[in-house]
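Asker: What follows is a predicted structure for the sequence shown.
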Amino acid sequence: MEQLSKTLMNWASVLDDGTRQQAERTASMPFIHPHLALMPDAHLGKGATVGSVIPTLGAIIPAAVGVDIGCGMIAVRTQFTAQDVAARGPLAGLRTAIERAIPLSAGKHNASVDRAGTQARIEELERLDGAASADQIAGNWRLQLGSLGSGNHFIEVSLDEQDRVWLFLHSGSRGVGNKLANKHIKIARGLCEKWWIRLPDPDLAYLVERTEEFWAYIRDLRWAQHFALLNRAEMMARVTDCLQQWIGQQAEAVETVNTHHNYTAREEHFGKQVWLSRKGAIDASAGRPGLIPGSMGTRSYVVAGKGSRLALNSAPHGAGRAFSRSAARRKFSRAELEAAMAGIEWRHTDAFLDEIPAAYKQIDQVMADAADLVEITHTLRQIVNVKGD
């Protein structure tokens, strides 16, 4: 860890100038308390750096939470082993079954709601404060529940250090969460312009706690966070169904971890109640389980938090990009992607070239930087990878 300024603590050993400058702008906001914690996977984001932990007094920066509100991971350890999988034969059948069961890619959603579990989750969301906002801004949100999205979102079947089978996926609040986030980012920018507030970046526009606009954001934020949580649970139920049908035996959830990494929560740090925004960071309070994935061709980790006070009880959420998507497409070839994915069942296509492992920071370095933030409880290596275009 190094202290970059009075209000900026950094755990990233690999940090480019642009990312550092963006973090410094966020850390300069007058309501930061006590400091911004920059995680090992830090890279450029909208307004605030991805991989930031941002404690604020009396205000929230919507863009510093992120546009995929509630994005996170879920992992389930089953009773199956590598031997059970090998006995079943080629993994392509499992991959294609998962791809049929879950809508993939941006803008894709279910054609209808035909599962009892899906309907129960929808009804739970309908009862929550904020459902009316969701209806107004994205009337098809019910069909979005149980869909993956694109980019770095994924579904994987993995083996741990004891060759036990894990199901692991990454997704958030989908189109409805994105629209809610952008709505409140726009409101914050309008209010800051109205009040003649000078900002180091327009996307650092904020909402003040005593206003109606602030509490409207909190309402919609909490709804979207819960949507994301249930979205992952819904997809995991479908992936579990695919696995047990493929193996021919009921799957048991021996261990489950489901955690956000784009969200805001009320927490106490350094003697004060703050709004803590984790944008690309997980809660790593002492003993708390968490998930830190690598890229689509590298290891992932199940971890337990160490409760680092300086890091605001937080840890990285993944490897973090080293190249932008456009830069990765220019730099890397399909042959390099094929080589990086050797031994993993995946959908062979140029669409994932910008997700090549080399476009991300080395996960080993990220985990080394996070050694005082988390301890590793399981190391996972994927055998099946599913992504959206």
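Answerer: That came through fine.
Asker: Could you use CA atoms for every contact and neighbour count after this?
Answerer: OK.
Asker: For the lengthiest strand in the chain, give me every contacting residue.
Answerer: Taking DSSP state E as the criterion, the chain has its longest strand at strand 374-386. Residues external to strand 374-386 that are found in contact with it (Cα atoms under 8 Å, 6 or more residues apart in numbering): 91, 95, 98-99, 154-161, 166, 284, 296-307, 315, 343-347.
Asker: Of the residues you listed, which belong to strands?
Answerer: Within those, residues falling in strands by DSSP E are 154-159, 166, 300-305, 315.
Asker: picking that back up, now do the longest strand of the chain and strand 300-305, the angle between them.
Answerer: Counting by axes from the mean of the first three to the mean of the last three Cα atoms, to 10 degrees, strand 374-386 lies at 150 degrees to strand 300-305.
Asker: Only the buried residues of strand 374-386, if you could.
Answerer: 374, 375, 376, 379, 380, 381, 382, 383, 384, 385, 386 (16 or more other Cα atoms under 10 Å).
Asker: just stretch 332-350 next, same as before
Answerer: 334, 337, 338, 340, 341, 344, 345, 346, 347.
Asker: if we can go back for a sec, would TSV of the buried residues of strand 374-386 with distance to residue 43 and pLDDT be doable?
Answerer: Supplementary listing: the buried residues of strand 374-386 in TSV, determined by distance: Cα to Cα, whole Å; pLDDT from 0 to 100:
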residue	distance to residue 43	pLDDT
374	20	98
375	23	98
376	23	98
379	24	97
380	24	97
381	24	97
382	24	96
383	28	97
384	27	97
385	24	97
386	24	97
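Asker: what's the distance between residue 379 and residue 340?
Answerer: Distance of residue 379 to residue 340, computed by Cα to Cα, to the nearest Å: 18 Å.
Asker: middle-most residue in this protein, spatially?
Answerer: Centroid-nearest residue in the chain, with Cα atoms, centre = their mean: residue 72, separated by 3.4 Å.
Asker: Quick check: bridge partners of it?
Answerer: According to DSSP bridges, residue 171, residue 260 are recorded as the beta-bridge partners of residue 72.
Asker: Can you tell me how far it is from residue 6?
Answerer: Using Cα to Cα, one obtains 30 Å as the distance from residue 72 to residue 6.
Asker: what's the answer for residue 280, then?
Answerer: Applying Cα to Cα, the value for residue 280 to residue 6 is 22 Å.
Asker: Which of the two has more residues huddled nearby?
Answerer: With other Cα atoms under 10 Å as the criterion, residue 280 and residue 6 differ in neighbour count, and residue 280 comes out ahead with 30 against 11.
Asker: How about the contacts made by the more buried one?
Answerer: Contacts of residue 280 (Cα under 8 Å, 6+ apart): 50, 51, 52, 261, 262, 316, 317, 318.
Asker: helix or strand for the last one, which one?
Answerer: Translated: residue 318. Following DSSP states H and E, there is no helix or strand that holds residue 318.
Asker: Around it, count how many other residues there are.
Answerer: Neighbour count of residue 318, defined by other Cα under 10 Å: 28.
Asker: Do a quick rundown of the helices in the stretch 201-350 of the chain.
Answerer: 212-247, 325-331, 334-340 (DSSP state H, counting those that start in this stretch).
Asker: To residue 291, which of these lies closest?
Answerer: Each of those has some distance to residue 291 by Cα to Cα; the shortest is helix 212-247, at 13.6 Å.
Asker: how much does that closest one deviate in direction from strand 154-159?
Answerer: Taking the same axes, to 10 degrees, one finds helix 212-247 and strand 154-159 inclined to each other by 50 degrees.
Asker: Show me how far helix 212-247 is from its chain's centre.
Answerer: Put simply, helix 212-247 sits 12 Å off its chain's centre (Cα atoms, centre = their mean, to the nearest Å).
Asker: related to what we said a few turns ago, residues contacting the residue nearest to the centre of the chain?
Answerer: Neighbours of residue 72 in contact, by Cα under 8 Å, 6+ apart: 170, 171, 172, 228, 229, 258, 259, 260, 261, 262.
Asker: out of those residues, who's nearest residue 105?
Answerer: Closest approach to residue 105 among the contacts of residue 72 (Cα to Cα): residue 171, at 11.1 Å.
Asker: The closest one: neighbouring residues, count only.
Answerer: For residue 171, using other Cα under 10 Å, the count is 27.
Asker: okay, the helices of the stretch 201-350 of the chain, which one's buried deepest?
Answerer: Comparing these by mean neighbour count (mean count of other Cα atoms under 10 Å), helix 212-247 ranks first with a mean of 21.
Asker: Which of the contacts of residue 280 sits closest to residue 211?
Answerer: For the contacts of residue 280, the residue nearest residue 211 by Cα to Cα is residue 262; the value is 22.9 Å.
Asker: The closest one and residue 73 touch, don't they?
Answerer: No - counting by Cα atoms under 8 Å, residue 262 sits too far from residue 73 to count as a contact (10.6 Å).
Asker: Quick check: the farthest pair among the contacts of residue 72?
Answerer: Using Cα to Cα, the two most remote members of those are 258 and 262, lying 12.9 Å apart.
Asker: Among those two, which residue is more densely surrounded?
Answerer: residue 262 (27 against 19).
Asker: ok so, going back, just the buried residues out of the contacts of strand 374-386, in ChimeraX syntax.
Answerer: Here is the ChimeraX command that selects the buried residues among those (16+ other Cα under 10 Å):
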select :91,95,98,99,154,155,156,157,158,159,160,166,284,296,297,298,299,300,301,302,303,304,305,306,307,315,344,345,346,347
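Asker: Can you pull out the low-pLDDT segments for the stretch 151-300 of the chain?
Answerer: Along the stretch 151-300 of the chain, segments meeting pLDDT under 70 are nowhere present.
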